[in-house]
Structures are given as structure tokens and as C-alpha cells.
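*Asks:* this one's structure only:
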């Protein structure tokens, strides 16, 4: 067991929890948007996943095997597009429904500040869930690689190979996950503002754009992770995140000018 790897795990877990909460706190302090909006973002993310995740788990394997006669690459590409579209449709239409029906009925203003906080909660709770998964990975790493062995292992070459893979972990294998979470939170804020803009300006095309943008990010991540590795995948997600940040700044000014006029 490498103590530096364990320390990296711990830092990643803490930051994946603290950063979204710190963002929510900053929005509360800076713009006066209550924590309730952050919590609504988190709650409705969970509500969407209650339907989205089981559906994907049930359908992805049959789809992959149905496409397999066309070749492994085609099957993987088809699966990546399918998973991307499912994420885009469920999450972006979910945001739209929440804004249009729940927010309006509750008298919650459809402002840029509200969209910012809602997106922070939506992406933030996902980051916290990922942190819990990283925590389980850290526990497994400690248990399986500690001197003397905390967990008795069967004399199975496959199991031994997995343990050797864990022992080969370095901090650089863990840190990209943290970077991905920060980039994903940025994208969730961007998508939240884009869907909000579709309602504020009455332009349904912006909702379609949000769905396709989300689908493109997820599809690229799935395909590239399987074919090009984690570093190329994170580089592509970084490009999408930079575009997302540029959009946030641009839309922030546009909505601000509209509110001032």
C-alpha cells in the first residue's frame, strides 16, 4: 500500500464534496439565492436518475450485442451515442420540466442567479455521489494492498491480477477523476442556464441544443475512454468545459442586460 495513493484518494474525496458545497455557499452569499434552490437541483437530479439509470442498465447490454454483428467499433460507437442521448434527453428535459412547471407554480423566479444555483446543486450532488464511489475504491485499495492482507483472498490468478493492478496505482491515476468532476459541474451549470434560456426567450431550439450538447459530451466520454484512454478523454471533456464556461459568461451578460432593460 502506498500512503501517497491513500492521501490522494482522501484529497479527491474531500474536494469532490467540498467544492460544490463551496460553490453553493458562494452563490448564496453573493447573489442571495437560497440553499433551497441548490437542494432542488440535487433532488431533481436524483429523481431523474431513479428512472434514467435503471433504464440504461436494462437496455445497454442488449443494444450492444444487437450491434455487435456490425463490428466491435460500430457497436461501441452506437452504444456511446445511445448512452449520450439518454443522458441528454432525461437530464435536459428534466431541467426544462422542473423550470416550466415546478418553479413557476412555486413562484420561483427564472433568473440567471436561480439557474446558476440550480445547476450547482444538480452537478454538485453528482459530484458527491462520485466521491462516495471513490471512498469505496479507497477502502478496497487499503484492504487489498495492505501489508499482511486485511482481506483473505482466494488463490485465483484473476483475483491476484486485480490486486496487482491496484498495487500499481499512482496518484496520477486518481487525480483525473477530480478534474473531471470540476469540469462536469461547469457543464451542468452551462446546461442549466441554456435550458433556462430556452424558457426565458421562448426558444425551444435552445432546449434541443442542450440535449445534443449533453449527448455529445457523454458519447465522446464513453467512446474515448474505451478506445483512447483516460487522458485523451479528459482532454476532450476539458474542451467542452471551456466552451461551457464561455457560454456561462456570455449568457450571464445577456440575461443581465435583458433584466436591466
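*Replies:* The structure has been received and is ready for your questions. This one's a predicted model, so the numbers in the text were calculated from it and none came from an experiment.
*Asks:* worst-scoring helix or strand of the protein, pLDDT-wise?
*Replies:* One helix or strand of the chain scores below all others by mean pLDDT, DSSP states H and E: helix 157-167, with a mean of 71.
*Asks:* State the next helix or strand along the chain beyond that one.
*Replies:* Of the helices and strands lying after helix 157-167 in sequence (DSSP states H and E), the nearest is helix 171-200.
*Asks:* Run the chain-centre distance for the next helix or strand after that next one.
*Replies:* Once the chain leaves helix 171-200, the next helix or strand it forms, by DSSP H and E, is helix 204-227. Helix 204-227 has its C-alpha centroid displaced from the chain centroid by 12 Å (C-alpha atoms, centre = their mean, to the nearest Å).
*Asks:* Show me what counts as buried in helix 204-227.
*Replies:* Applying a neighbour-count criterion of 16 or more other C-beta atoms under 10 Å, the buried positions in helix 204-227 are 206-207, 209-211, 213-225. Quick note: C-beta positions are derived from backbone N, CA and C, even for glycine.
*Asks:* cool, stretch 253-261 as well?
*Replies:* Under the neighbour-count criterion of 16+ other C-beta under 10 Å, stretch 253-261 has residue 255 buried.
*Asks:* What average pLDDT does it get?
*Replies:* Averaged across stretch 253-261, pLDDT comes to 86.
*Asks:* cool, stretch 113-121 as well?
*Replies:* Mean pLDDT, stretch 113-121: 97.
*Asks:* ok, now stretch 83-94?
*Replies:* Stretch 83-94 shows a mean pLDDT of 97.
*Asks:* what's that stretch in contact with?
*Replies:* Residues external to stretch 83-94 that are found in contact with it (C-beta atoms under 8 Å, 6 or more residues apart in numbering): 44-45, 47-48, 51-52, 55-56, 60, 122, 191, 195, 207, 210-220, 222.
*Asks:* now swap in stretch 133-142 and tell me
*Replies:* If you take C-beta under 8 Å, 6+ apart as the criterion, stretch 133-142 is touched by 1, 5-6, 9-10, 12-13, 16, 150, 166, 169, 174, 177.
*Asks:* can we see that at 6 Å?
*Replies:* By C-beta atoms under 6 Å, 6 or more residues apart in numbering, the surrounding residues in contact with stretch 133-142 are 9, 12, 13, 166.
*Asks:* okay, now the first one: neighbour count?
*Replies:* This points to residue 9. 21 (other C-beta atoms under 10 Å).
*Asks:* for the second one, same thing?
*Replies:* Under the neighbour criterion other C-beta under 10 Å, residue 12 is assigned a count of 24.
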